[in-house]
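Undergrad: got a structure for you, letters missing:
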């Protein structure tokens with residue numbers, strides 16, 4: 001009878017360990033309260049090993065007069081001066097047409113980022129037609145897209161574009177190579193810093209491109225913009241579960 005009971009016990013242990021590995025959690029959250037300034041103060045970090053900074057405006061999104069559209073957003077001027085309107089996401093990143101923040105992956109940590117929520121975007125009718133999230137782990141030497149591209153039609157109201165990033169697709173051309181990546185939820189980004197002795201800084205850019213002169217913004221008024229993901233346990237955690245299962249097996253055999 002005890003031998004029969006051993007199977008569900010070990011199965012439960014394995015299931016619990018898998019839950020730990022794959023449990024999705026909110027990593028960080030920004031409460032958007034800024035209106036026309038260059039910085040949105042206020043970020044909450046929820047897990048050890050992943051720390052985010054405040055969101056700030058890039059160098060080529062400028063302060064706009066208060067009271068303009070898009071209403072209900074923290075908005076910035078998007079113009080063709082001093083640089084022309086970018087026609088690709090990578091060009092937008094290279095000239096600072098973005099909102100940006102940093103995250104730090106602590107030494108010894110392994111974090112998968114697999115979703116964004118609260119990505120409420122607005123624009124004036126003639127402004128940018130596309131937006132996407134990019135990241136770099138080498139201080140901007142090279143950038144990769146995180147998830148899909150959000151398409152911003154001229155007649156659309158301010159709305160949540162999280163699903164386009166999470167489940168859409170994005171295409172970028174690097175020289176002669178064109179890469180199409182899947183959505184953030186479909187293809188999570190694994191920042192594996194588990195074997196390093198120093199922290200890893202990841203710079204992110206919510207870039208805008210296409211269209212013409214106007215304004216772009218992120219929904220404010222207390223809107224909560226969040227990144228979610230998985231904290232992957234260290235190899236020692238797996239070893240502990242294995243030892244626990246072996247100990248149970250040994251104990252049951254002795255009593256049998």
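TA: That came in fine, so what should we check first? Values in this document were obtained by computation on a predicted structure and should not be read as measured data. Numbering: from 1, shown residues only.
Undergrad: number of nearby residues for residue 220?
TA: Residues lying near residue 220 (other Cβ atoms under 10 Å) number 21. Bear in mind the C-beta positions are built from the backbone N, C-alpha and C, glycine included.
Undergrad: shouldn't it be in contact with residue 32?
TA: Yes. Between residue 220 and residue 32 there is a contact under Cβ atoms under 8 Å: 4.4 Å.
Undergrad: overlap in contacts of these two?
TA: 40, 74 (Cβ atoms under 8 Å, 6 or more residues apart in numbering).
Undergrad: the strands in the stretch 101-250 of the chain, which residues?
TA: Using DSSP state E, counting those that start in this stretch, the strands of the stretch 101-250 of the chain run over 110-117, 120-123, 130-136, 144-145, 150-151, 159-160, 169-174, 177-182, 189-192, 200-209, 214-219, 223-231.
Undergrad: Adding distance to residue 56 and mean pLDDT, write those out as JSON lines.
TA: Shown next, in JSON lines, are these (distance: least, Cβ to Cβ, whole Å; pLDDT from 0 to 100):
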{"stretch": "strand 110-117", "distance to residue 56": "18", "mean pLDDT": "98"}
{"stretch": "strand 120-123", "distance to residue 56": "17", "mean pLDDT": "97"}
{"stretch": "strand 130-136", "distance to residue 56": "15", "mean pLDDT": "98"}
{"stretch": "strand 144-145", "distance to residue 56": "20", "mean pLDDT": "98"}
{"stretch": "strand 150-151", "distance to residue 56": "20", "mean pLDDT": "98"}
{"stretch": "strand 159-160", "distance to residue 56": "22", "mean pLDDT": "96"}
{"stretch": "strand 169-174", "distance to residue 56": "23", "mean pLDDT": "96"}
{"stretch": "strand 177-182", "distance to residue 56": "25", "mean pLDDT": "95"}
{"stretch": "strand 189-192", "distance to residue 56": "21", "mean pLDDT": "98"}
{"stretch": "strand 200-209", "distance to residue 56": "11", "mean pLDDT": "98"}
{"stretch": "strand 214-219", "distance to residue 56": "12", "mean pLDDT": "96"}
{"stretch": "strand 223-231", "distance to residue 56": "14", "mean pLDDT": "97"}
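Undergrad: Is it possible to get TSV of these that adds mean neighbour count and distance to residue 98?
TA: Converted to TSV, the strands of the stretch 101-250 of the chain look like this (neighbours: other Cβ atoms under 10 Å; distance: least, Cβ to Cβ, whole Å):
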stretch	mean neighbour count	distance to residue 98
strand 110-117	21	15
strand 120-123	24	12
strand 130-136	22	8
strand 144-145	20	12
strand 150-151	19	13
strand 159-160	14	19
strand 169-174	15	15
strand 177-182	12	18
strand 189-192	16	18
strand 200-209	23	4
strand 214-219	25	10
strand 223-231	20	14
